[in-house]
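Asks: have a look at this prediction, sequence included:
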Amino acid sequence: MMNAGATTRSEQTSGPAPSTWVAVCQRAELGVERGIAALVDGQQMALFRLRDDSVHAVQQRDPFSGANVMSRGIVGTRQGEPTVAGPMYKQVFSLRTGACLERGSYEPVDDSADLRTWDVQVLDGVVHVRAPHNGSVEDVKS
Amino acid sequence: MTSADQQRRHLVVIGGGMAAQRLVEALVARDSDTDGRWQVSVFAEEPLKPYDRVALTSYFSARDADELTLGDPGLWDQPHVRLYRDRKIESIDREAQQVTDRLGETWNYDELVLATGSSAAMPPIPGNDLPGVFVYRTIDDVAALRGWVEAKREEGKGARFDRPVRGAVIGGGLLGLEAAGALKALDAQATVIQFGTHLMDAQIDLGGGQALKRLINDKFIAVRTDTVTQEMRPSRRTGHVGRLDFGDGGRLDVDVVVVATGVRPRDELARDAGLAIGERGGAVVDLSCHTEDPHIWAIGEVACIEGRCIGLVAPGYAMAEVVADRLLGGQATFPGADTATKLKLQGVDVASFGDAFARTEDSMEIVYADPVAGIYKKLVMSDDGKTLLGGVFVGDVAAYASLRPLQGSELPGDPSSYITPTGSGDGLAGLELPDDAGVCSCNNVSAGTIRSAVTEQGCTDLAGVKACTRAGTSCGSCLPLVKKITTTELEKVGVEVSNALCEHFELSRAQLFDAVRVAEVHTFTEIIDRFGYVPEGAADAGRGCDICKPVIASILASLGNGHILDGEQETLQDTNDHVMANMQKDGTYSVVPRVPGGEITPDGLLVIGQVAKDFGLYTKITGGQRIDMFGARIEQLPQIWRRLVEHGFESGHAYGKSLRTVKSCVGSTWCRYGVQDSVAMAVELELRYRGLRSPHKLKLGVSGCARECAEARGKDVGVIATDKGWNVYVGGNGGFTPRHAKLLAEDLTSEELLRTIDRFLMYYIRTADRLQRTAAWIEDVEGGLEGVREVIMDDSLGIAADLDEAMSRHVGAYRDEWRAVLEDPEKLSRFSSFVNAPTTPDPDLAYASERGQIRPATPQERDADEDLIRPVLIAGTTLEVRA
Ligand SMILES: Cc1cc2nc3c(=O)[nH]c(=O)nc-3n(C[C@H](O)[C@H](O)[C@H](O)COP(=O)(O)OP(=O)(O)OC[C@H]3O[C@@H](n4cnc5c(N)ncnc54)[C@H](O)[C@@H]3O)c2cc1C
Ligand code: SF4
Ligand code: FES
């Protein structure tokens, strides 16, 4: 799913294994209801901080265009579910589960239309992420 | 010629008018389904492609003959169709099956169709050949009339008093009233001289005629009924027509006379060929449109069918369809004439259908009249009061479109409920038309066809239904009904036709705009708390979405709420506005600095060139006369803009639903034809409206003379120089459905021009729907273009001062958005690639090189991974980022 083969120029020196918590940034660096990208151990993710100060992490790659842009989508809600809209072709994804809720007439270029998610924890104002047991989105949704 | 071509039979059509166009269109559409049996030659006396004569009066304002062209002009480029323009046919040789054209060339035919229409009748009044006496039938007639009135106006200006041009129209029928309206539109006075007892006496009864006279007088058009014109006398000074003398001894001084007393079928060819001619003229045909000669047909106004010639387009179209069908082996017959009519005079509503004079035996008339308001409505019913036979509507034609298709069927309920003011709404709302009821008579479209366009063809809006069925595409009088049927049907199949923006707002964009403006709220949170829709069982309306947030961002920007990235506004911005650049397919951006009017110095070009080179960007000239630089990464945008701003460039708003560019030609400063300085005007307009947020992108254009090199009429607002000032056209666009802009006002001074455009844009911004471009918006405004004109030129809603004030606030508050970002570290911090690695480029970006520049690598190239160009950090450009 992620483009793991690509060369990375991470300023983060080789990080800990992805299944442990990794500190990414200060929560204060995240704008409310806006996303920003993060590069963690060579993987690109999009972090979103909501009005209730919760932080969500989904993959940065837009499955419908293949571009790394999800952090630049509009945050909102669909029937109460927090969502982000793909900035390229406006599909809507759940920020909690990564599931694609609205795809219009588009087909994903990737294998899955859903976004991968990471667990997020904020400790002392610092945002930490952890990949859930390399879980697929299906696992997360259930 | 291939052998297939040799086997084609040759169809010759005489006359290139409305009926001929429909015949060829129908034949070609269906003939190509078979293997193509016909070679078609159309001989037209007029020099233009077949045009919409019904809309002839609009030529006064449009002045562009192309706009009247009927149907798809490509019809005449089809391989087996030839249109010979300016090629009158002089004779028919039935024996030899040949026709001879005005150049003496002869042409063989297998089948021949007469579609020669009518000519305007000229009554034998002495003086009817004086200069200044016109008929009203062709584009040439209209152009000549217009030229004459304009020349007379100039003469009047030279005189001691600035006296208006005095016009008279002889004939008070449909055509005469339309001509009188045209004279008024040319700023001439108009008096209608009617021989009969009342206006439009062929269509409506005396009661209706009296109500109509009141409405016509309200338009400052004088009416004389029961009046015989005895003579037209020349002015002693000029020899031009100068006075009308009437049978009752009265006189009228005139500068121009339009004669509209009826039409005569152009049956001269048929007569000479010895074909049967009707009592009152016209080539006699049977219900298959055959004349007595098995190879000669007649359609349109020249055909005498069921014993008479019909001066309306709908029956002519029906005949054309019959002949097309028969030529392809079908058995269609003429379905009978639909003689419903509607007057096309702005602000005067008259319509009639069916047995308007209650000539059916024992029929009953039900009349509602309000003489003060100038309203007269009549229904003609069968003797038992149940079946609708006809109707007359003056002053209020709301019921016409719905009732006309019901002619001949039983009306449910009390007939009077359809025409009395209190009843009319209810009666109509409940009406369900049978599938076979004809809705659009111009194009012969039934209610059932419109319904199946929705249910079977999947049309989801009025525009789709129009394109798919052709309903409403000619005279437009059926549009309200087409819209109503379409909406009802859409609702039935469950398509939401509410104007709610999205699940968060039940309001339309225009309603929300007003709500925000009046309530003076300034943030998204306040707006959704106050106006958001809270579903049952939910605690609040939620937090918006990618539909409503950008709309609100645009509304807040239009109302002047500071920088678009200030505070909460930042979270509302759509993909491009969000970083003030245009996202491209690989997630990088393009950058477009403003180049007002397309005017740029060599130094400016060098700056852009150098910036593009330093940042490795792909460059391309845009259609809006500026330069687009592609491949800029999000974290590079501030650095690029710092360079541009330092050299005096500012944001071009290429990313916004906002003013894009004002395109211009070089104009009078250099061009040897130019009459005004189009570049200076374009620069002024662009600087005035830069940064203006709108429901959709806005483009303007300015041309320095009528040659129109700036293609201004393809823009939302197009300005074209005249020797007296500027003409302004509105509602043009390119794109998926290109539109030509239509004339809004003429010969404006520069100051008037600015005011007119100010109001036009502000009115649009306030009332248009989300993503509705100006063309569609104008169609939606009540009264269409005329309605828009009344609001902004005549201030009919009393909001002009408010619009002016809103625009001057915009102009005063403008600041360059990019400069403001560069000065604000908080905003700058958003432009980082990664929160934890702010200057690291997206590692997945890869480019190939093509024609000396970069472009995003294709997936195949990525897989092969040969020689791709990968982004590199640009040295020395670390940005201030908040820790
Ligand atoms: C101002 C105006 C408003 C109107 N409004 C309405 C309306 O609201 N509703 C309505 O139903 N109708 C209206 N009409 C009438 C409508 O335009 C006509 O019914 C329709 O155009 C008839 O079509 P046609 O093809 O029979 O004739 P035309 O459109 O007149 O075409 C005939 C063509 O044949 C050409 N021709 C004639 N003789 C020859 C020859 N020997 N060789 C070659 N070419 C020849 C003529 O030059 C002409 O171009 C209006 C007409 C006018 C003038
Ligand atoms: S529109 Fe007129 S002024 Fe402008 S370039 Fe063309 S010819 Fe010259
Ligand atoms: S009735 Fe004229 S367009 Fe439909």
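Replies: Arrived safely, thanks for sending. Ligands and ions are numbered 1, 2, ... in the order given.

Asks: hmm, stretch B:520-533 in reach of chain A?
Replies: No: judged by Cβ under 8 Å from any Cβ of the partner chain, stretch B:520-533 makes no contact with chain A; its nearest approach is 8.8 Å. C-beta here means a position set from N, CA and C on the backbone, and glycine is covered the same way.

Asks: name the residues of that stretch that are buried.
Replies: Neighbour-count burial for stretch B:520-533 flags B:Val521, B:His522, B:Phe524, B:Ile527, B:Ile528, B:Phe531, B:Gly532, B:Tyr533 (criterion: 16 or more other Cβ atoms under 10 Å in any protein chain shown).

Asks: need those in CSV with pLDDT and secondary structure, can you?
Replies: CSV is the format used below for those (pLDDT from 0 to 100; DSSP: H, G, I helix; E, B strand; the rest coil):
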residue, pLDDT, secondary structure
B:Val521, 90, coil
B:His522, 91, coil
B:Phe524, 95, helix
B:Ile527, 94, helix
B:Ile528, 94, helix
B:Phe531, 91, helix
B:Gly532, 92, coil
B:Tyr533, 90, coil
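
Asks: could you identify the most distant pair in those residues?
Replies: By the measure Cβ to Cβ, B:His522 and B:Tyr533 form the most distant pair in these, at 20.5 Å.

Asks: quickly run through the sheet partners of the strand or helix carrying B:Trp726, with directions.
Replies: According to DSSP states H and E, B:Trp726 maps onto strand B:725-730. When pairing is defined by DSSP bridges, strand B:725-730 lines up against strand B:717-722 (antiparallel), strand B:742-748 (antiparallel).

Asks: which residues are contacting it?
Replies: Residues outside strand B:725-730 that contact it (Cβ atoms under 8 Å, 6 or more residues apart in numbering or on different chains) are B:676, B:681, B:712-713, B:716-721, B:740-750, B:752-753, B:756-757, B:760, B:774, B:778, B:785, B:788.

Asks: can you do 6 Å?
Replies: Outside strand B:725-730, the residues that touch it by Cβ atoms under 6 Å, 6 or more residues apart in numbering or on different chains are B:713, B:717-720, B:741, B:743-749, B:753, B:756, B:760.

Asks: ok, the host helix or strand of A:Val120: who's next to it in the sheet?
Replies: Element membership for A:Val120, per DSSP H and E: strand A:117-123. Each strand that pairs with strand A:117-123, with its direction, by DSSP bridges: strand A:55-59 (antiparallel), strand A:126-130 (antiparallel).

Asks: please identify the most buried of these.
Replies: Using mean count of other Cβ atoms under 10 Å in any protein chain shown, the stretch among the strands paired with strand A:117-123 with the largest mean neighbour count is strand A:55-59, at a mean of 24.

Asks: just how off-centre is the helix or strand following it within its chain?
Replies: Under the assignment DSSP H and E, the closest C-terminal helix or strand after strand A:55-59 is strand A:75-78. Chain-centre distance of strand A:75-78: 15 Å, with Cα atoms, centre = their mean, to the nearest Å.

Asks: for strand A:75-78, which strands pair with it and how are they oriented?
Replies: Strand pairing (DSSP bridges) places strand A:75-78 next to strand A:81-85 (antiparallel).

Asks: could you confirm whether the next helix or strand after the strand it pairs with reaches chain B?
Replies: Remark: after strand A:81-85, the chain's next helix or strand is strand A:92-94, criterion DSSP H and E. No: applying Cβ under 6 Å from any Cβ of the partner chain, one finds strand A:92-94 separated from chain B by no less than 7.2 Å.

Asks: surely B:Asp396 touches B:Tyr376?
Replies: No: the pair B:Asp396 / B:Tyr376 is not scored as a contact, 8.7 Å apart, by Cβ atoms under 6 Å.

Asks: what lies in contact with stretch B:586-596?
Replies: For stretch B:586-596, the surrounding residues in contact (Cβ under 6 Å, 6+ apart) are A:67-69, B:581-584, B:626, B:628-633, B:640, B:644, B:649-650, B:652, B:654, B:683, B:686-687, B:856.

Asks: do the strand holding B:Trp726 and ligand 2 meet?
Replies: No: with Cβ under 6 Å from any ligand atom as the criterion, ligand 2 is not reached by strand B:725-730; the gap is at least 12.3 Å.

Asks: how far off centre is that strand?
Replies: Worked out by Cα atoms, centre = their mean, strand B:725-730 lies 17 Å from the chain centre.

Asks: what's the span of stretch B:433-445, first residue to last?
Replies: Stretch B:433-445 has its terminal residues 13 Å apart, counting by Cα to Cα, to the nearest Å.

Asks: the strands paired with strand A:117-123: which one's closest to B:Ser119?
Replies: Nearest to B:Ser119 among the strands paired with strand A:117-123 is strand A:55-59; the distance by Cβ to Cβ comes to 74.0 Å.

Asks: what's that closest one in contact with?
Replies: Contacts of strand A:55-59 from elsewhere in the structure, counted by Cβ under 6 Å, 6+ apart, are A:45-49, A:95, A:98, A:115-118, A:120, A:122, A:127, A:129.

Asks: buried members of the residues you listed into PyMOL, please.
Replies: Command for PyMOL, covering only those of these found buried under the criterion 16+ other Cβ under 10 Å:
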select buried, chain A and resi 45+46+47+48+49+95+98+115+116+117+118+120+127+129
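
Asks: flag every residue of chain B that's near ligand 2.
Replies: So chain B meets ligand 2 at B:665-667, B:671, B:673-674, B:678, B:703-705, B:707-709 (Cβ under 6 Å from any ligand atom).

Asks: need the buried ones from those selected in PyMOL.
Replies: Buried subset of these, written as a PyMOL selection, criterion 16+ other Cβ under 10 Å:
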select buried, chain B and resi 665+666+667+671+674+678+703+704+705+708+709
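
Asks: list the residues that contact the residue nearest to B:Ile366 when sequence neighbours are not counted.
Replies: Leaving aside its sequence neighbours, B:Ile366 sits nearest to B:Leu379 (Cβ to Cβ, 6 or more residues apart in numbering or on different chains; 4.7 Å). The contact partners of B:Leu379, by Cβ under 6 Å, 6+ apart, come to B:Ile366, B:Gly391, B:Pro415.

Asks: end-to-end on stretch B:582-601?
Replies: End residues of stretch B:582-601 are separated by 25 Å (Cα to Cα).

Asks: what about B:Thr571, which SS state?
Replies: The three-state label given to B:Thr571 by DSSP: H, G, I helix; E, B strand; the rest coil is helix.

Asks: report the two of the residues of chain B next to ligand 2 separated the most.
Replies: Put simply, by Cβ to Cβ the two of these set farthest apart are B:Val666 and B:Glu708, 13.0 Å from each other.

Asks: in the host helix or strand of B:Ala680, what counts as buried?
Replies: Secondary structure from DSSP H and E places B:Ala680 in helix B:678-689. Within helix B:678-689, the residues that count as buried by 16+ other Cβ under 10 Å are B:Ser678, B:Val679, B:Ala680, B:Met681, B:Ala682, B:Val683, B:Glu684, B:Leu685, B:Glu686, B:Leu687, B:Arg688, B:Tyr689.

Asks: residues contacting the fourth one?
Replies: Which is B:Met681. B:Val702.

Asks: so where do the strands sit in the stretch 401-550 of chain B?
Replies: Taking DSSP state E, counting those that start in this stretch to define them, one finds strands in the stretch 401-550 of chain B at B:438-440, B:445-446.
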